[in-house]
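Engineer: have a look at this prediction, sequence included:
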Amino acid sequence: MNYSYLDCLAVLGVGGAHPGGLKLTKDLLANENLNESTKILDAGCGTGQTSAYIAREYGCHLTALDNNAIMVEKANERFLAGEVPLKAVEGTVEELPFAGGSFDIVLSESVLLFTDIAKSIPEIARVLKPNGKLIAIEMAMESKIRDKELEPLKGLYENAYFRTEEEWNQAFSHAGFKTVKAEKPEVQFDPEDIDTVPDYSLSEPMDPVYFDIMKDHEEMMKSYENTLGFRAFICNK
């Protein structure tokens, strides 16, 4: 059986796999005026690491959603173990199961890369309130490169489409966001700082091939380190 990178993240239960990890998320959220009345959607919540942090730190009205049943299960296990009053739901960003104008903020951490953005970004705009905000952390090519050079990336990250900062900006603007600000965070990996490294919730039994996929991922990121970066996009509706 062929396993995808996203399958790997789910079975390993990787939390904080997005660029910058939980530390970057904390830094970005610190700039927002969050309180108990703020309604946030964690779109592509994974194992619920970010959702659990927001609920504990700010007490926001938070909704956690992911399209992977294993991720949803592990997120709910995290919430239960940490006594966090949340319950993740299963659903896709391309067809969000929420009414229009439901949220003040939508947070998306390395999720849109793996979606059909012609559907997912307009859906996010739809469920945001007027003057709502999308905070998206996404991989971005530092310059446009030939399709042939992208083949190794596309081979490992199935269904992913890599874009430049300008291409991301155009996609957000086309979906109706009035202002788009792209930040290039300077995040230093520190193995002693738990907020900069992923956490894991392993499934059992575990096929060793998943560890091979993670190794391939690490090697791929190293080989493309001068070509592929990331941005934090702050998009206002």
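Structural biologist: Noted; the coordinates are in hand. Numbering: from 1, shown residues only.

Engineer: what segments of this protein are helices?
Structural biologist: Along the chain, the segments classed as helices by DSSP state H run 5-12, 21-29, 49-58, 69-81, 117-127, 147-156, 165-174, 209-223.

Engineer: which residues does the last one contact?
Structural biologist: Translated: helix 209-223. 3, 5, 7-8, 11-12, 152-153, 156, 228 (Cβ atoms under 8 Å, 6 or more residues apart in numbering). Where C-beta positions appear, they are placed from N, C-alpha and C, glycine not excepted.

Engineer: for those residues, work out which two are farthest apart.
Structural biologist: Greatest spatial distance among these (Cβ to Cβ): V11 and L228, at 24.3 Å.

Engineer: who has more neighbours out of those two?
Structural biologist: V11 (22 against 18; other Cβ atoms under 10 Å).

Engineer: per-residue confidence for that one?
Structural biologist: The model reports V11 with a pLDDT of 83.

Engineer: next one: G229
Structural biologist: With respect to pLDDT, G229 scores 90.

Engineer: now it. Nearest residue, chain neighbours left out?
Structural biologist: E142 (5.2 Å; Cβ to Cβ, 6 or more residues apart in numbering).

Engineer: now do the longest strand belonging to the chain and helix 147-156, the angle between them.
Structural biologist: In the chain, assigned by DSSP state E, the strand with the most residues is strand 128-141. Strand 128-141 runs at 110 degrees relative to helix 147-156, counting by axes from the mean of the first three to the mean of the last three Cα atoms, to 10 degrees.

Engineer: before we move on, the earlier item: for the residue nearest to G229, give me phi and psi.
Structural biologist: Main-chain dihedrals, E142, degrees, to the nearest 10: phi -70, psi -20.

Engineer: now render the helices of the chain as TSV, adding distance to A99.
Structural biologist: What follows is the helices of the chain, written out as TSV (distance: least, Cβ to Cβ, whole Å):
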stretch	distance to A99
helix 5-12	28
helix 21-29	24
helix 49-58	20
helix 69-81	21
helix 117-127	7
helix 147-156	36
helix 165-174	22
helix 209-223	37
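
Engineer: what sits against E36?
Structural biologist: E36 is in contact with 58-61, counting by Cβ under 8 Å, 6+ apart.

Engineer: filter those residues to the buried ones?
Structural biologist: Buried by 16 or more other Cβ atoms under 10 Å: 58, 60, out of those.

Engineer: show me the beta-bridge partners of the residue nearest the centre of the chain.
Structural biologist: Of all residues in the chain, the one closest to the mean position by Cα atoms, centre = their mean is E109, 1.9 Å from it. Beta bridges link E109 to I137 when assigned by DSSP bridges.

Engineer: use 668 as the first number for this chain going forward.
Structural biologist: Understood, numbering begins at 668; the last thing we discussed is E776.

Engineer: drop anything exposed from the contacts of helix 876-890.
Structural biologist: Applying 16+ other Cβ under 10 Å to these flags 672, 674-675, 678-679, 820, 823, 895 as buried.

Engineer: which of the contacts of helix 876-890 sits closest to S787?
Structural biologist: Checking those against S787 with Cβ to Cβ, the nearest one is Y672 at 18.2 Å.

Engineer: by mean pLDDT, flag the weakest helix or strand of the chain.
Structural biologist: helix 814-823 (a mean of 79; mean pLDDT, DSSP states H and E).
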